[in-house]
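No sequence on hand, only this structure:
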């Protein structure tokens with residue numbers, strides 16, 4: 001018998017709610033100068049390839065975690081919606097970019113992306129540990 005998708009989503013959300021405290025320490029392979037420069041280079045290429053006249057570009061950081069990708073996207077001139085299933089991660093992002101009008105947060109339900117409208121963003125990015 002297959003697990004109920006809502007129960008699976010609840011377990012996933014619970015895991016992310018617990019992970020927020022130690023995420024950057026546990027995933028040090030992400031948070032070093034070489035990896036951060038590589039990430040920024042690829043983001044610049046991807047944003048340049050978007051082919052839209054929207055200014056600034058509207059970006060969705062899907063599974064934003066602590067806001068690493070959000071930070072790069074802001075520095076590259078986009079308006080960012082930082083989306084995650086974890087309220088704790090969203091609180092970290094809100095604290096990291098206080099009162100920045102270029103940052104919105106969106107709590108995902110962990111089941112689907114129905115709350116995100118089709119064609120709402122020029123760019124969607126997701127980044128996680130290898």
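Thanks, I have it. Nothing here was measured: the structure is a model prediction, and the numbers come from that model. Residues are numbered from 1 along each chain as shown.

What ranges does this protein have for its helices?
Using DSSP state H, the helices of the chain run over 5-19, 23-26, 33-48, 68-75, 87-96.

These: lowest mean pLDDT?
Among these, helix 23-26 carries the lowest mean pLDDT, at a mean of 59.

Give me the distance between the residue positioned nearest the centre of the chain and residue 92.
Nearest residue to the geometric centre of the chain (Cα atoms, centre = their mean): residue 64, 2.3 Å. Distance, residue 64 to residue 92, using Cβ to Cβ, to the nearest Å: 9 Å. Just so you know, the C-beta spots here come from the backbone N, C-alpha and C atoms, and that holds for glycine as well.

Then residue 83?
The gap separating residue 83 from residue 92 is 13 Å, by Cβ to Cβ.

same thing with residue 70?
As judged by Cβ to Cβ, residue 70 and residue 92 stand 10 Å apart.

ok, those two, which is more surrounded?
With neighbours defined as other Cβ atoms under 10 Å, residue 70 and residue 92 compare such that residue 70 has more, 26 against 21.

Hmm, the residue nearest to the centre of the chain is touching residue 84, no?
Yes: here residue 64 reaches residue 84: they are 4.9 Å apart, a contact under Cβ atoms under 8 Å.

Need the residues touching each of these two.
With contacts defined as Cβ atoms under 8 Å, 6 or more residues apart in numbering, the residues shared by residue 64 and residue 84 are 90, 93, 105.

nearest to residue 38, of the residues you listed?
For the shared contacts of residue 64 and residue 84, the minimum distance to residue 38 (Cβ to Cβ) is 22.0 Å, reached by residue 93.

Regarding residue 77, what are the backbone dihedral angles?
Main-chain dihedrals, residue 77, degrees, to the nearest 10: phi 90, psi 20.

From what I see, it and residue 58 are in contact.
No: at 11.4 Å, residue 77 and residue 58 do not qualify as touching, with contact defined as Cβ under 8 Å.

Compare these two and say which is more crowded by neighbours.
Taking other Cβ under 10 Å, residue 77 and residue 58 do not tie; residue 58 has more neighbours (18 against 12).

residues contacting that one?
By Cβ under 8 Å, 6+ apart, the contact set of residue 58 is 78, 79, 81, 120, 121, 122, 123.
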